[in-house]
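>>> below are the sequence and a predicted model; questions follow.
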2 protein chains.
Amino acid sequence: MRVLVTGASGFVGRHAVPALAARGFIVHAVARAPMSGAVVHAADLLDEVQRRALIAEVAPSHLLHLAWDAEPGRYWTSPRNLDWVAASLDLARSFHEAGGRRLVVSGTCAEYAWGPPRFDEATSACRPATLYGAAKDGTRRILSAYAESVGLSFAWGRLFYLYGPGERRGRLVSDAAHALLTGAAFPTSPGHQARDFLHVVDTAGALAALLDSPVAGAVNIASGRAVSVRELLDGLAERTGRPDLLEYGARALGPSEPAVIEAAVARLAEEVGFRPRFTLETGLDDTLAWWRNHLAGESQTGSKPLI
Amino acid sequence: MRVLVTGASGFVGRHAVPALAARGFIVHAVARAPMSGAVVHAADLLDEVQRRALIAEVAPSHLLHLAWDAEPGRYWTSPRNLDWVAASLDLARSFHEAGGRRLVVSGTCAEYAWGPPRFDEATSACRPATLYGAAKDGTRRILSAYAESVGLSFAWGRLFYLYGPGERRGRLVSDAAHALLTGAAFPTSPGHQARDFLHVVDTAGALAALLDSPVAGAVNIASGRAVSVRELLDGLAERTGRPDLLEYGARALGPSEPAVIEAAVARLAEEVGFRPRFTLETGLDDTLAWWRNHLAGESQTGSKPLI
């Protein structure tokens, strides 16, 4: 089994490579720098020629497609979402036509119509409120029909909220951990909204398990239990001893932010058979341990943060 | 107002050019051969470089995008549907970024979930059963979000069943008209299924009216009244005097063919303000007149049919 992972330099991708290797896959990765455990290819997936040459060269039996525009603050509305739709459709087609058998693509909870607190793959409506959500939703709909028409095994791993080691700045947990460990104030929303957070190692592990299964269609990749942002941030502050740095209510929550976003995870648990390794408690410990180490390295070398 | 029409050599496109010119548009057309009333461009829209150069050269204020893979018998499942999704998204983006203001794209009744007899843009679910339907549906969803995010005026003209002069062979009315006028048997289904047919001149006229309006979102382009295939074929046979050539029941109707497909046309009639010129009766007269003329020309010159 030879898998090609796209977006392998990304937050999830870096953790997906070892998870796939542990399942016995020979791992080829599209990444910006060498990675241990994978043959790395430096292809620009938005370039048709490079994309098709990559598929021809690797001839993967499995494809885990994670790459997408993920520029913080921009990706919700960036027109580059359209380029990623096009690239993803062509990548899937090239993969199938080169003999590929099993495709998993990462989706987003932003595909769902906000409103109900809990989202189920079979019964919850998809009606995205953003360009990013619509681009993912449209890609899934088209790829599902394509896969069915050509007999390609296809699943869609719908990610919810992530946190963990190596998260780039500009995201909730990375910015909060950084502030709490460096003694900076952290202005934030009142924090009553509840979100379904999953440690990135478990997210990547779930995607690897999904790829390694025959389960078809959309599968929520999440913990199954939403926690309030306040509970999560308080957990970080307790561990760093600086709850005074959290400035709840200093920022407004966007008017379109629903109160609760929680995933039904019966498909992931029962059909895929995946159980997370981390609880929120052990996950926060792990994340802060990484940040302490990262900040120590940074202060020793005087270098700018890599993340 | 300068409009670019794609697919202008196609069945609808040929009739859209005069309809747009009649509304005062300066018409640029992507077509395979010269057309009266339009500046013709011979661009391959699946080629990114040609596509973008075309938009830069024409700098249209309006875009009527009709081009898509339409190979009879193949287009329902062709992987080229994926290429047309990608080309359509990039065309829309290039158009907007070059200053384009109003975009109309042709969709299909195959976007709807079959089951109910009558399809309404606001309340009927879209759940296509085919790759073609899914590709159109996904394109619409993504373009809607893109248009909203960048402030582009956008509508989607959802076509139902078409007939009329110049229809290529391999379609119901063109094949039936040809058989009835040449004395050939026409084996067909029992013909009880009812479909919403609109004359192609009215279809093109409705799309031109939609482009020339500020109406946003999906708009059914149809007559609003389904007729049974039997009623339509009997109408052709009465006019040609050879009802004996119709072999009802000689072919089975596909199991996934619903009994009735009819459009709600309140949006088209009231918001766009469009009324068809043809009834089914005058439309069949017009279609047979064209075929008589076409076949007469063919027998005089001894040439193969052009259509």
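Noted; the coordinates are in hand. Numbering: from 1, shown residues only, chains lettered A, B, ... in the order given.
>>> could I get the full set of helices for the stretch 51-200 of chain A?
For the stretch 51-200 of chain A, the helices defined by DSSP state H, counting those that start in this stretch cover A:80-97, A:131-150, A:172-182, A:200-211.
>>> format these as JSON lines; extra columns: mean neighbour count.
The way it works is simple: take the backbone N, C-alpha and C, and place the C-beta from them, glycine included. Output for the helices of the stretch 51-200 of chain A, formatted as JSON lines (neighbours: other C-beta atoms under 10 Å in any protein chain shown):
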{"stretch": "helix A:80-97", "mean neighbour count": "23"}
{"stretch": "helix A:131-150", "mean neighbour count": "24"}
{"stretch": "helix A:172-182", "mean neighbour count": "21"}
{"stretch": "helix A:200-211", "mean neighbour count": "26"}
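>>> now mean pLDDT and distance to B:Leu45 too, for those helices, in TSV please.
As requested, those are arranged in TSV below (pLDDT from 0 to 100; distance: least, C-beta to C-beta, whole Å):
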stretch	mean pLDDT	distance to B:Leu45
helix A:80-97	98	13
helix A:131-150	98	18
helix A:172-182	97	42
helix A:200-211	98	35
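>>> TSV for those helices, including distance to chain B?
TSV is the format used below for the helices of the stretch 51-200 of chain A (distance: least, C-beta to the nearest C-beta, whole Å):
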stretch	distance to chain B
helix A:80-97	3
helix A:131-150	3
helix A:172-182	23
helix A:200-211	22
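>>> the residue nearest to A:Gly205 when sequence neighbours are not counted: neighbour count?
Excluding the flanking residues, the one nearest A:Gly205 by C-beta to C-beta, 6 or more residues apart in numbering or on different chains is A:Ala19, at 4.7 Å. By the criterion of other C-beta atoms under 10 Å in any protein chain shown, A:Ala19 has 25 neighbours.
>>> now swap in A:Ala266 and tell me
Using other C-beta under 10 Å, A:Ala266 is surrounded by 14 other residues.
>>> next one: phi and psi at A:Val219?
Main-chain dihedrals, A:Val219, degrees, to the nearest 10: phi -130, psi 120.
>>> how much space between the nearest residue to A:Pro72 once chain neighbours are set aside and A:Thr287?
Nearest residue to A:Pro72, sequence neighbours excluded (C-beta to C-beta, 6+ apart): A:Gly170, at 3.4 Å. Taking C-beta to C-beta, to the nearest Å as the measure, A:Gly170 falls 16 Å from A:Thr287.
>>> before we move on, back to that, closest to B:His28 out of the helices of the stretch 51-200 of chain A?
Checking those against B:His28 by C-beta to C-beta gives helix A:80-97 as the closest, at 23.0 Å.
>>> A:Pro18 reaches A:Gly37, doesn't it?
Yes: applying C-beta atoms under 8 Å, one finds A:Pro18 in contact with A:Gly37, separated by 5.7 Å.
>>> these two: who's more crowded?
The residue with more neighbours, out of A:Pro18 and A:Gly37, is A:Pro18; 18 against 14, by other C-beta under 10 Å.
>>> contacting residues around the more buried one?
For A:Pro18, the contact set (C-beta atoms under 8 Å, 6 or more residues apart in numbering or on different chains) comprises A:Gly37.
>>> mind listing what the residue nearest to A:Gly205 touches?
Residues in contact with A:Ala19 (C-beta under 8 Å, 6+ apart) are A:Val201, A:Ala204, A:Gly205, A:Leu207, A:Ala208.
>>> and chain A, what are its domains?
A:2-162+A:197-221, A:166-195+A:225-263+A:278-301 (automatic domain parsing).
>>> which of those sits most buried?
Most buried of the domains of chain A by mean neighbour count (mean count of other C-beta atoms under 10 Å in any protein chain shown) is domain A:2-162+A:197-221; its value is a mean of 21.
>>> and that domain, end to end?
23 Å (C-alpha to C-alpha, to the nearest Å).
>>> residues from chain A in reach of chain B?
Contact residues, chain A versus chain B (C-beta under 8 Å from any C-beta of the partner chain): A:48, A:77, A:79, A:81-83, A:85-86, A:89-90, A:92-93, A:97, A:128, A:130-131, A:133-135, A:137-139, A:141-142, A:144-146, A:148-150.
>>> repeat that with 6 Å
By the rule C-beta under 6 Å from any C-beta of the partner chain, the part of chain A lying against chain B is A:77, A:79, A:82, A:85-86, A:89, A:93, A:131, A:134-135, A:138, A:141-142, A:145-146, A:149.
>>> quick check, nearest of those residues to A:Trp156?
Set against A:Trp156, the nearest of the residues of chain A next to chain B by C-beta to C-beta is A:Arg141 (9.8 Å).
>>> residues contacting the closest one?
Neighbouring residues of A:Arg141 by C-beta atoms under 6 Å, 6 or more residues apart in numbering or on different chains: B:Ala134, B:Gly138.
>>> what does the one 5 residues further on give?
Taking C-beta under 6 Å, 6+ apart as the criterion, A:Tyr146 is in contact with B:Leu131.
>>> next one: the one 4 residues further on
When the contact criterion is C-beta under 6 Å, 6+ apart, the partners of A:Val150 are A:His96.
>>> what's the answer for A:Asp212, then?
By C-beta under 6 Å, 6+ apart, the neighbours of A:Asp212 are A:Arg23.
>>> check the spacing between it and A:Leu4 real quick.
14 Å.
>>> what do you get for A:Gly217?
Using C-beta to C-beta, A:Gly217 is found at 21 Å from A:Leu4.
>>> could you do A:Ala216 as well?
Computed as C-beta to C-beta, the A:Ala216 to A:Leu4 distance reads 20 Å.
>>> just A:Thr282 next, same as before
Distance from A:Thr282 to A:Leu4, by C-beta to C-beta: 31 Å.
>>> what's the longest helix along chain A in contact with?
In chain A, taking DSSP state H as the definition, the longest helix is helix A:280-301. With contact meaning C-beta under 6 Å, 6+ apart, helix A:280-301 is reached by A:Gly164, A:Pro165, A:Ala177, A:Leu181, A:His199, A:Gly235, A:Leu236, A:Arg239, A:Pro305.
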